[in-house]
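Trainee: everything below, folded, please.
(one chain, ligands or ions: 1)
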Amino acid sequence: MPNIKLAVIYYSSTGTNYQLAQWAEEAGKDAGAEVKLLKVPELAPQAAIESNPAWKAHVEATQNVPEATSDDLEWADAIIFSVPTRFGNVASQMKQFLDTQGGLWAQGKLANKVVSAMSSAQNPHGGQEATILSLYTTMYHWGAIVAPPGYTDPVLFEAGGNPYGTSVSVDQDGNMIENVEGAVKHQAKRTITVAEWMKNGSR
Ligand SMILES: Cc1cc2nc3c(=O)[nH]c(=O)nc-3n(C[C@H](O)[C@H](O)[C@H](O)COP(=O)(O)O)c2cc1C
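Mentor: Below is the predicted model:
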C-alpha cells in the first residue's frame, strides 16, 4: 500500500475551518497518511483583522502554522481544502492561493490530484454548498479527481447531510452548531482511500 501524502489546506478568520482542517489532519494520520496542515496567506489589511478580536486572536494563535506553497501541491497525492463562505463563495484568500498556481497547472502538475473540500457559514443555508461547488470548478480545470463524501457513511446524516463536502454553520459567538467531527474524519479517510486507488491503479 503506497504511503499517501495528504495536504490539508485551509483559510480561517475565526477558527472554524482551522478546526475542520485539524480533524482532517488527525484522521489522515490515523489512516496512515503523511499529512501537512497548511494555511493560505492572509490578504486582509491589518486594520480589518484588528477590528475583530476573534480574528486577531486566531491570527496570533496560528502564526506558527506553515503557509501552503506550490511545492506542497506538487508534493501531495491528495488535498483537502477547508474554506469559509464569503457571500456564497470561496474566501478570497483561498481563491488567491488557487489563482497563483498557473505555473504548476501549465506543467500538468495539478492533474490527477485527489481533492475534497469543506466549508462553513453563519447560516445553515448560507452558501456552504455553493462555496464547495465553486472550489470544485477550479479542480475540474486542474484535472483533479474530486472525491466527494456523497452519502457513503451514516455519519453524514448526523452532520447535516451535505454530499459535496462536510459543511457546518456557526452561531454569533463562532461556535459550530452541528457536530461534524465524524463527517470530517470520514471525508478525510475516504479522500485517502481514493488517492490509494489512484496511486495503485496508475502503476
Ligand atoms: C465578508 C463576509 C461574508 C460572509 N458571507 C456569508 C454568507 O454568504 N453566508 C453565511 O451564512 N455566512 C457568511 N459569512 C460568515 C462566515 O461564513 C463565517 O464567519 C465563517 O464561516 C466562519 O469560519 P472561520 O471561523 O473559519 O473564519 C460571511 C462573513 C464575512 C466576513
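Trainee: so L104 makes contact with D72?
Mentor: No: contact criterion C-beta atoms under 8 Å: L104 and D72 do not qualify, at 10.5 Å. (Each C-beta comes from the backbone N, C-alpha and C, glycine too.)
Trainee: for the residue nearest the centre of the chain, which residues make a bridge with it?
Mentor: Residue closest to the mean C-alpha point of the chain, counted by C-alpha atoms, centre = their mean, is F81 at 1.7 Å. Counting by DSSP bridges, F81 is bridged to I9, A117.
Trainee: any idea how far it lies from E74?
Mentor: Going from F81 to E74 by C-beta to C-beta, to the nearest Å gives 16 Å.
Trainee: who in this protein is up against the ligand?
Mentor: Contacts of the chain with the ligand, taken as C-beta under 6 Å from any ligand atom, map to 12-17, 84-88, 120-123, 126-127, 170, 174.
Trainee: gap between the residue in the chain positioned nearest to the ligand and V168?
Mentor: Residue of the chain nearest the ligand, by C-beta to the nearest ligand atom: G126 (1.9 Å). Distance, G126 to V168, using C-beta to C-beta: 11 Å.
Trainee: neighbour-wise, which of these two wins?
Mentor: The neighbour comparison of G126 against V168 (other C-beta atoms under 10 Å) goes to V168, with 25 against 19.
Trainee: list the helices and strands the helix or strand where that one lies packs on?
Mentor: Assigned by DSSP states H and E, V168 falls within strand 167-169. Packing partners of strand 167-169 (3 or more C-beta pairs under 8 Å, 6 or more residues apart in numbering; DSSP states H and E): strand 114-121, helix 128-142.
Trainee: just these: most buried one?
Mentor: Of all those, strand 114-121 has the most neighbours on average by mean count of other C-beta atoms under 10 Å, namely a mean of 28.
Trainee: just confirm the residue of the chain closest to the ligand is within a strand.
Mentor: No: applying DSSP: H, G, I helix; E, B strand; the rest coil, one finds G126 to be coil, outside a strand.
Trainee: wait, isn't it in contact with T85?
Mentor: Yes: G126 is within contact range of T85, at 5.8 Å (criterion: C-beta under 8 Å).
Trainee: spatially nearest residue to Q96, not counting backbone neighbours?
Mentor: With sequence-adjacent residues excluded and distances taken as C-beta to C-beta, 6 or more residues apart in numbering, Q96 is closest to L43, at 5.9 Å.
Trainee: which residues touch the nearest residue to T85 once chain neighbours are set aside?
Mentor: What sits nearest to T85 in space, not counting adjacent residues and going by C-beta to C-beta, 6+ apart, is A121, at 3.7 Å. For A121, the contact set (C-beta atoms under 8 Å, 6 or more residues apart in numbering) comprises P84, T85, G127, Q128, T131, S167, S169, V170.
Trainee: what's the neighbour count on the closest residue to the third one other than its chain neighbours?
Mentor: Closest residue in space to G127, ignoring its immediate chain neighbours: G88 at 3.4 Å, by C-beta to C-beta, 6+ apart. For G88, the count of nearby residues is 13 (other C-beta under 10 Å).
Trainee: about what we covered before: what's near enough to touch the residue of the chain closest to the ligand?
Mentor: For G126, the contact set (C-beta under 8 Å, 6+ apart) comprises T85, G88, S169.
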